[in-house]
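[1] Using only what follows, build the 3D model:
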Amino acid sequence: MFVDTHTHFYDEWLLPDADQAVQRALDAGVGKMIQADVDSRERPAMWEVGQRHPGVLFQMLGLYPGSVGADWREELDQVYSLSQNLQTRSKATQGVRGIRPPVGETSPETNAPAFVAIGEIGLDYHEGLEFVEEQKEVLRLQLELASALNLPVNIHLRDAWEDFFAVLSDCAHLHLRGNLHCFTSSYEIYERARRYGDFSVGIGGVVTFKNASVAKAVERIPLEKILLETDAPYLAPVPFRGKRNESAYLPLIGQKVADIKGLPLREIETITTHNAETLFGI
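    Have a look, this model is predicted:
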């Protein structure tokens, strides 16, 4: 079984046939999928899709950097309100904590999945620099929230590595753990991140692109620190590049990692699944 550690079934590109897409993923051997949170506008759809597939779809909670705008305080207040008002359950078998759904949406007696991470959070300067300081503050506050809840973080970064490391330096006392989503950088960047927390990397469809530089980093990063992800519906792997991505394509990414590492696909499947289940407590 594979685990897709970052997907968006609630995205408008996937939502019309989300249930069928979940089934296609299951048929392809992808048994668990984690949906990354974005903001209050898309969260209800994320939760609705997730509730239809308990034990298969898991959810994160967080404010995406691209959603940090003039209303960032209200958006962040909603994240904090959810984190404080939802029941926290102890998952004894995994030794981690998660956050239960709101009362009324799921009964405490059910086995509905908990929020398994704070994410996707981070910094994104690609679309503009108007809210740079606000993004950094929102990131810092959510890192503190993750630490307080004993949850991993799922980090989104674009054109902002140095500022990210500055925030991490300020938060070194939090003993963070998590993953660097859609990692396309160098081994040296991975090593710098490891100085500030127990970080893994999420490897997605970009690794299958011709001459993708991240392949060199994958060669050196220990397999025990690699997670597989699709970021569906975006960044589809070859041979679907440019088309809508799906969690069903995750084994293609796994095969590319296997080729880079010179290992059987089954070994990549086993180890990356163990990595995901351990980190996210699923």
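
[2] okay, CA-based contacts and neighbour counts for the rest of this
    OK.

[3] hang on, residue 74 is in a strand, isn't it?
    No - read with DSSP: H, G, I helix; E, B strand; the rest coil, residue 74 is helix and lies in no strand.

[4] Next, find the distance separating it from residue 267.
    Distance, residue 74 to residue 267, using C-alpha to C-alpha, to the nearest Å: 45 Å.

[5] Next, count neighbours for the residue nearest to residue 131 when sequence neighbours are not counted.
    Distances taken as C-alpha to C-alpha, 6 or more residues apart in numbering place residue 69 nearest to residue 131, at 6.4 Å, with adjacent residues excluded. By the measure other C-alpha atoms under 10 Å, the count of residues near residue 69 is 14.

[6] Does residue 69 touch residue 129 like I think?
    No - Residue 69 is beyond contact range of residue 129, at 10.9 Å (criterion: C-alpha atoms under 8 Å).

[7] For the stretch 101-250 of the chain, which segments count as strands?
    115-124, 153-158, 176-180, 197-203, 226-228 (DSSP state E, counting those that start in this stretch).

[8] looking at those, which is closest to residue 261?
    Closest approach to residue 261 among the strands of the stretch 101-250 of the chain is made by strand 226-228 (11.4 Å; C-alpha to C-alpha).

[9] and residue 4, backbone torsions?
    Per-residue torsions, residue 4: phi -90, psi 110 (degrees, to the nearest 10).

[10] neighbours of residue 78, just the number please.
    Residue 78 has 16 neighbouring residues, counting by other C-alpha under 10 Å.

[11] Let's verify it: helix, strand, or coil?
    With three-state DSSP as the basis, residue 78 sits in helix.

[12] any idea how far it lies from residue 50?
    Distance, residue 78 to residue 50, using C-alpha to C-alpha: 19 Å.

[13] hmm, back to that, any idea which element the residue nearest to residue 131 lies in?
    For residue 69, there is no host helix or strand (DSSP states H and E).

[14] do residue 275 as well
    Using DSSP H and E, residue 275 sits in helix 265-280.

[15] show me where pLDDT drops low in the chain?
    For the chain, the stretches flagged by pLDDT under 70 are 85-113.

[16] So residue 9 sits against residue 48, correct?
    No - the criterion here is C-alpha under 8 Å, and residue 9 misses it with residue 48 at 10.2 Å.
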